[in-house]
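In: The following comprises the amino acid sequence and a computationally predicted model.
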Amino acid sequence: MNPSLSQPRSHTLRTSRSVPLRMALLLPLLLTSLLSGCSDNKPAFKGVDITGANYGRSLQLPDSSGKLRSLDEFKGKFILLFFGFTQCPDVCPTALTRAQEIKQQLGKDGERLQVIFVSVDPERDTPELLGNYLAAFDRSFIGLRGDAEQTRQAAAAFKVFYEKVPTGSSYTINHTAMSYLFDAQGRLRLALRHTQTAEEHVADLRLLMRE
Amino acid sequence: MYKSSRYSMLALISLLAGLAQAQSPGQSAIQVKEPWVRGTVAQQKATGAFMQLSAPQDMRLIEARSPVAGVVELHEMAMDNNVMKMRAVPGIDIPAGKGAELKPGGFHVMLLDLKKQLKEGDTVPLTLVLEGKDKKRQSIEVNAPVRALGTRNSPGKAANAEHNHPHGDHGSMKH
C-alpha cells in the first residue's frame, strides 16, 4: 500500500487551509486505489501478478545429480525459479544472493521456500559445476540442467529468452532475468523483475503464504 | 565520533587499494578503491572483478590483464526489457571528478579461462591500462581480494567485521 495514505491519520488537522490541500492530495490516491482494485482487498503484489498464465505450467529436468525433477514434487512449498548460468559474473550471483537473503528474511518460513535455478548453458554448466556453484550459496538450492533441446523447451515453457553471444575469445549468454514465484499449490503466480529487492520478494511471498 | 575499528578496516582497504597507487612522482594520481573479485567454485572458468576508479583528468580504462586468467575483457551488463545483455566494450570512460564504478549491474572486468579456483581470502593481481586524452598510457597494479561467491554486492561488509571491538567508542565507555 502507498505509505502516504496512512500518514494523515496520525496528524490532527491544524489549520483550515490544510484541509482542501489534504483533500487534493488524497483524492488522486483514493482514485488510484479504487482503480487498482485495493477496495476488493486484492493483495497488492510488488511483482507482476500472472496468476492463470498459460505458460510456466510444468517443468521436468534433471538436477545436478542427474535425477529427473518435476515442479509437481514441490507442492506444499513455494518455489522461486529463475534461469541463468554459472559463468555469469553479474545477474546470476546477484539473483542467488538475493534468494539467500529472501530465505533468511523469511525466518522459519524460509523452509517453505524452494529455490530452483535452471541453467541456460548446459554446454559449460556440467552437473558437478552446477551443484557446487549452487551449494556455495545455499545447500538447499536446486540446480536443473537439461541437454540443449530440453533447455530450449524449458525456456520456451517459461517464455524465457536466451542467446549465446560471442565475446572476444569465448561466449556469454544474454537471458531473461525474471524470477518466477509459485504458490504452495504449484501454480505460477508472480513474475519479479531483476531490479526488485529481497524485501519486495519477501513481501510478495508473505502475501502468498497468508492466502 | 571516532571509531577506530571502522577506521582500521578502512585503512586496510585503502592499503590494499593503495598498492594500486604506488607510482612514480609526477604521474597523475589514479585511484582504485575497493577492488574485489567474486570467488568461484572448482571448474568454474569465469568471474568478474569490480572496483571504483577515479582520475584527476579524463581517462579511459582500455585493457586489463591478470595472471589468474587466460583472457581478460571489459564487459558491460545492461537490462533490456527484462533481458540481461552482456557485451564486451573497447573501454570504460573515467571522467575527471566523476570516476567510474565497476559493479554488478554495470561494468566489470571479466576474467575468463581461469587457471585456478579463486577462493575467499585469495588475492588476484590485476594490471589495468588506462589511456588519457593525449593517448598516453599508464599501467597500474591492483591487488583485488577475493570475496566469497555467495557474497552480497554491496561493499563494506568485509568478512572480518567480527574483529571489531567497541573500544573506539568513547561516547559510551563504561566504568
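Out: Structure's in. What do you need? Residues are numbered from 1 along each chain as shown, chains lettered A, B, ... in the order given.

In: and stretch A:167-175, anywhere near chain B?
Out: Yes: using C-beta under 8 Å from any C-beta of the partner chain, stretch A:167-175 reaches chain B at A:167-170, A:172-175. For glycine as for every other residue, the C-beta is placed from the backbone atoms N, C-alpha and C.

In: Buried among the residues you listed? Need that as a selection in ChimeraX.
Out: Per 16 or more other C-beta atoms under 10 Å in any protein chain shown, the buried members of these correspond to this ChimeraX selection:
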select /A:167,170,172,173,174,175
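
In: Including distance to A:Arg152, secondary structure and pLDDT, could the residues of stretch A:167-175 next to chain B go into JSON lines?
Out: Putting these into JSON lines (distance: C-beta to C-beta, whole Å; DSSP: H, G, I helix; E, B strand; the rest coil; pLDDT from 0 to 100) gives the following:
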{"residue": "A:Thr167", "distance to A:Arg152": "22", "secondary structure": "coil", "pLDDT": "81"}
{"residue": "A:Gly168", "distance to A:Arg152": "26", "secondary structure": "coil", "pLDDT": "72"}
{"residue": "A:Ser169", "distance to A:Arg152": "25", "secondary structure": "coil", "pLDDT": "75"}
{"residue": "A:Ser170", "distance to A:Arg152": "21", "secondary structure": "coil", "pLDDT": "83"}
{"residue": "A:Thr172", "distance to A:Arg152": "18", "secondary structure": "strand", "pLDDT": "91"}
{"residue": "A:Ile173", "distance to A:Arg152": "13", "secondary structure": "strand", "pLDDT": "95"}
{"residue": "A:Asn174", "distance to A:Arg152": "15", "secondary structure": "strand", "pLDDT": "95"}
{"residue": "A:His175", "distance to A:Arg152": "12", "secondary structure": "strand", "pLDDT": "96"}
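
In: Could you export the residues of stretch A:167-175 next to chain B as JSON lines, including distance to A:Ala198?
Out: As requested, the residues of stretch A:167-175 next to chain B are exported to JSON lines (distance: C-beta to C-beta, whole Å):
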{"residue": "A:Thr167", "distance to A:Ala198": "30"}
{"residue": "A:Gly168", "distance to A:Ala198": "34"}
{"residue": "A:Ser169", "distance to A:Ala198": "35"}
{"residue": "A:Ser170", "distance to A:Ala198": "31"}
{"residue": "A:Thr172", "distance to A:Ala198": "25"}
{"residue": "A:Ile173", "distance to A:Ala198": "24"}
{"residue": "A:Asn174", "distance to A:Ala198": "24"}
{"residue": "A:His175", "distance to A:Ala198": "21"}
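
In: With respect to A:Ala154, which of the residues of stretch A:167-175 next to chain B is nearest?
Out: A:His175 (12.1 Å; C-beta to C-beta).
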